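K.L.:
sequence isn't available, so here's the structure alone:
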């Protein structure tokens, strides 16, 4: 046994990860240090000198095996992978650290050789570091999204997961566009910048770790703003009554896509938990229950208010049929849009073709069957 | 509104905690039982630092619905191996309870100064 007081800062800097055993306080739990190294911490003894805890470094693979019961607790503590055990004796507010070889461990500190944990049967690994912890280390935006099913299964239908991730990505694309811009398509360069990569899965019940391709050049780039907004929107789902109004700070495409994301989550019967972190160590967490998501969607579907906007556009009027309430315009960028005439315009005299300023009501809807975006237009007035 | 001791953090006990009438098991030093056997960890170990999310649980005491689980707990840790098992009933006037950490583990936030009076030493040869 050798005194290792130089390790006191390491012990002080450990962050708890998960509690395996609790009795009047955590008694067997895991921690990680500043670089993500996992430690098992085990209540070994009580004496007049204080409380003794075993600290054992452990690899992610052995950690998973311990949680699944494949490795006995006594083996995980007494046969450390690096042949080193730390004993922390704490009394009052102070503590000392000793280093032991495995042979120096008192046998009665350990549980029965057959005693095992069996707390995880998942095929997915546990999430060890939060998004805010990881992002500064990898210098990328990190957005962990956990889909929780009522069945709490560690599996998810591939088609449903695909739709969920696509809906998330499309919402991020739209949120990455300037909220004040009148956009109906996301520019390709924005898509390239805001593309998220799946970099891992974790148990929760089905967690997906998403990361940007690299850190932004500036402190707060479009993607960071988009991820922050998405975390805020998920938190806002707990107040469904004010959601429609809250969405109006976004561009219409983002509103429509977020509404579609809610529909996909309801179809998949999941609640959602988001954990966002930035390379500068900022971040936030948010969660929404399935009931909150379903109620929010119901509120948004009760009217088109969240996904419609009234806008004036310069255009060339190229077709009108008052019998069938039809109009066609060519916008300045060459795009042709077609729609219905508002009721009040049926008796109006139109000159075709003519350059006009059209007052339009535009509505964006994502088709729930095909997931394709559709725009509909009502010509409200010709100015 | 119930008044809790000053050392309880805000929003502790959590909103989901409830009044209940349940039979539970707890490890104690032995007979006769006393209120000392039901002291919360924050009082028992005033210098121990708790993470914010564990502090509230440490303001309560651990009890188990299942005697098998309390036996397993006693076997796992050396400092608990000399303890006896007490069996008793928490009533609605004794405080709030909530399932925490493991399926049969409950945290009990006491509102009685005599928690021990409804507990007796459990005969481990009889089934629970």
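P.N.:
Arrived safely. The structure presented is a predicted model; accordingly, all values stated were derived computationally and were not measured.
K.L.:
low-confidence stretches in chain B?
P.N.:
Counting by pLDDT under 70, the ranges of chain B that qualify are B:1-2, B:126-128.
K.L.:
can you name the residues of it sitting close to chain A?
P.N.:
Residues of chain B lying close to chain A (CB under 8 Å from any CB of the partner chain) are B:27, B:40-41, B:44-45, B:47-48, B:50-51, B:54, B:57-58, B:61-62, B:73, B:75-80, B:100-102, B:105. The way it works is simple: take the backbone N, C-alpha and C, and place the C-beta from them, glycine included.
K.L.:
show the buried residues in those residues.
P.N.:
The neighbour-count test (16 or more other CB atoms under 10 Å in any protein chain shown) marks B:27, B:40-41, B:45, B:50, B:54, B:57-58, B:61-62, B:73, B:76-80, B:100-102, B:105 as buried among the residues of chain B next to chain A.
K.L.:
out of those, which are inside strands?
P.N.:
Cross-referencing those against strands under DSSP state E gives B:27, B:61-62, B:105.
K.L.:
and of those residues, the nearest to residue A:226?
P.N.:
When those are ranked by distance to residue A:226 (CB to CB), residue B:105 comes first, at 41.3 Å.
K.L.:
just checking, the closest one touches residue B:69?
P.N.:
Yes: between residue B:105 and residue B:69 there is a contact at 7.1 Å, judged by CB atoms under 8 Å.
K.L.:
show me where chain A has helices.
P.N.:
A:8-12, A:60-67, A:73-78, A:131-138, A:158-176, A:188-194, A:222-236, A:243-247, A:252-268, A:290-301 (DSSP state H).
K.L.:
would you single out the least confident of the ones you listed?
P.N.:
With a mean of 81, helix A:243-247 has the lowest mean pLDDT of these.
K.L.:
buried ones in it?
P.N.:
Applying a neighbour-count criterion of 16+ other CB under 10 Å, the buried positions in helix A:243-247 are A:243-244, A:246-247.
K.L.:
show me which pair in those is furthest apart.
P.N.:
Between any two of the buried residues of helix A:243-247, the greatest separation by CB to CB is 7.3 Å, found for A:244 and A:246.
K.L.:
pick the most deeply packed of the helices of chain A.
P.N.:
The highest mean neighbour count among the helices of chain A, using mean count of other CB atoms under 10 Å in any protein chain shown, belongs to helix A:252-268: a mean of 23.
K.L.:
ok and the residue in the stretch 151-300 of chain A nearest chain B?
P.N.:
Of all residues in the stretch 151-300 of chain A, the one sitting closest to chain B is residue A:285 (12.6 Å; CB to the nearest CB).
K.L.:
can you check the pLDDT for the residue nearest to that residue when sequence neighbours are not counted?
P.N.:
The shortest distance from residue A:285 to any residue that is not its chain neighbour, by CB to CB, 6 or more residues apart in numbering or on different chains, is 5.0 Å, and that residue is residue A:275. With respect to pLDDT, residue A:275 scores 95.
K.L.:
so who does residue A:275 touch?
P.N.:
Contact analysis of residue A:275 by CB atoms under 8 Å, 6 or more residues apart in numbering or on different chains lists A:130-132, A:142-146, A:283, A:285.
K.L.:
let's see 7 Å
P.N.:
Applying CB atoms under 7 Å, 6 or more residues apart in numbering or on different chains to residue A:275 gives the contacts A:130-131, A:144, A:285.
K.L.:
partners of it in the sheet?
P.N.:
Under the criterion DSSP bridges, residue A:275 forms beta bridges with residue A:144, residue A:285.
K.L.:
chain B: helices as residue ranges?
P.N.:
Applying DSSP H to chain B gives helices spanning B:41-44, B:52-58, B:67-76.
K.L.:
any low-confidence regions in chain A?
P.N.:
Counting by pLDDT under 70, the ranges of chain A that qualify are A:120-123, A:150-154, A:214-220, A:368-369, A:371.
K.L.:
rewinding a little: nearest to residue A:66 among the helices of chain B would be which one?
P.N.:
Between the helices of chain B, helix B:67-76 lies closest to residue A:66; by CB to CB that is 13.9 Å.
K.L.:
show me how far the closest one is from its chain's centre.
P.N.:
The chain centroid and the centroid of helix B:67-76 are separated by 14 Å under CA atoms, centre = their mean, to the nearest Å.
K.L.:
tell me which residues of it are tucked away?
P.N.:
Buried-residue list, helix B:67-76, by 16+ other CB under 10 Å: B:67, B:70-71, B:73-74, B:76.
K.L.:
mind putting the helices of chain A into CSV with distance to residue A:41?
P.N.:
Below are those laid out as CSV (distance: least, CB to CB, whole Å):
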stretch, distance to residue A:41
helix A:8-12, 9
helix A:60-67, 12
helix A:73-78, 10
helix A:131-138, 18
helix A:158-176, 35
helix A:188-194, 40
helix A:222-236, 31
helix A:243-247, 43
helix A:252-268, 37
helix A:290-301, 35
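K.L.:
same list, the ones you listed, but as a markdown table with distance to chain B please.
P.N.:
Conversion of the helices of chain A to a markdown table gives the following (distance: least, CB to the nearest CB, whole Å):
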| stretch | distance to chain B |
| --- | --- |
| helix A:8-12 | 10 |
| helix A:60-67 | 14 |
| helix A:73-78 | 8 |
| helix A:131-138 | 15 |
| helix A:158-176 | 28 |
| helix A:188-194 | 33 |
| helix A:222-236 | 18 |
| helix A:243-247 | 23 |
| helix A:252-268 | 24 |
| helix A:290-301 | 16 |
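K.L.:
no further questions, thank you.
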